[in-house]
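S.K.: Quick check, what structure comes out for this input:
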Amino acid sequence: MTKKLEEYVATGRRKRAVSSVRLRPGSGQVNVNGKPFEAYFPLEIQRKSILSPLTLLEADSQYDMIVRVNGGGIEGQVIATRLGIARALVSQTETRKHDFKGEGYLTRDPRRKERKKYGHKKARKSFQFSKR
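M.R.: Residues are numbered from 1 along each chain as shown. Predicted coordinates for the structure are as follows:
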């Protein structure tokens with residue numbers, strides 16, 4: 001007889017980055033796109049930002065994580081992963097929602113790149129004006 005594995009899945013997004021997070025009870029191992037956590041996110045500040053929802057609950061080494069992330073830049077992927085972790089923890093226990101909401105972990109950043117307008121170099125930057 002197989003034992004059903006307890007698992008919580010959530011998705012986080014930021015700009016073009018999309019992150020799918022699977023949380024399982026375990027020893028604190030993190031796997032990002034088949035690589036170790038430290039290899040994919042080399043900066044300490046990025047790793048702290050990603051794990052901040054777990055640090056808030058003091059559950060750093062209680063969950064194993066499998067993260068699939070693609071699109072966007074590295075910082076967008078960091079924030080998308082943090083949102084995915086927070087959503088997965090809330091799906092486990094709804095009472096955590098208030099704590100995460102106060103810290104801003106459940107807020108999806110809606111800002112996007114503005115589209116380029118005709119007659120302009122970029123969205124707002126114009127070509128150089130010459131009077132003569």
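S.K.: Stretch 125-132: how far from the chain's middle?
M.R.: Offset of stretch 125-132 from its chain centre (Cα atoms, centre = their mean, to the nearest Å): 41 Å.
S.K.: same check, this time on stretch 60-71
M.R.: Averaging C-alpha positions (Cα atoms, centre = their mean) puts stretch 60-71 10 Å from its chain's average.
S.K.: so for that stretch, what's the average pLDDT?
M.R.: The predicted model gives stretch 60-71 an average pLDDT of 91.
S.K.: buried stuff in the longest helix along the chain?
M.R.: In the chain, ranked by residue count with DSSP state H as the criterion, the top helix is helix 74-92. For helix 74-92, the neighbour count (16 or more other Cβ atoms under 10 Å) marks 76-90, 92 as buried. Backbone N, C-alpha and C define where each C-beta goes, glycine included.
S.K.: What of stretch 57-72?
M.R.: The neighbour-count check on stretch 57-72 (16+ other Cβ under 10 Å) flags 63-69, 72 as buried.
S.K.: Over to stretch 28-37?
M.R.: 30, 32, 37.
S.K.: Any idea how far it is from the middle of the chain?
M.R.: For stretch 28-37, the gap between its own C-alpha mean and the chain's C-alpha mean amounts to 14 Å (Cα atoms, centre = their mean).
S.K.: again, but for stretch 41-57
M.R.: Here the centre of stretch 41-57 is set off from its chain's centre by 10 Å, with Cα atoms, centre = their mean.
S.K.: average model confidence for it?
M.R.: Averaged over stretch 41-57, pLDDT sits at 92.
S.K.: what does it contact?
M.R.: Stretch 41-57 is contacted by residues 32, 37-38, 60, 62-63, 74-75, 78-79, 81-82, 85-86, 89, 96, 99-100, 103, 105 when judged by Cβ atoms under 8 Å, 6 or more residues apart in numbering.
S.K.: Point out where the protein drops to low pLDDT.
M.R.: Where the chain drops to pLDDT under 70, the residues are 1-4.
S.K.: what do you get if the cut-off is 90, keeping everything else the same?
M.R.: 1-7, 26-28, 57-62, 92-96, 99-100, 102-103, 109, 112-113, 129, 131-132 (pLDDT under 90).
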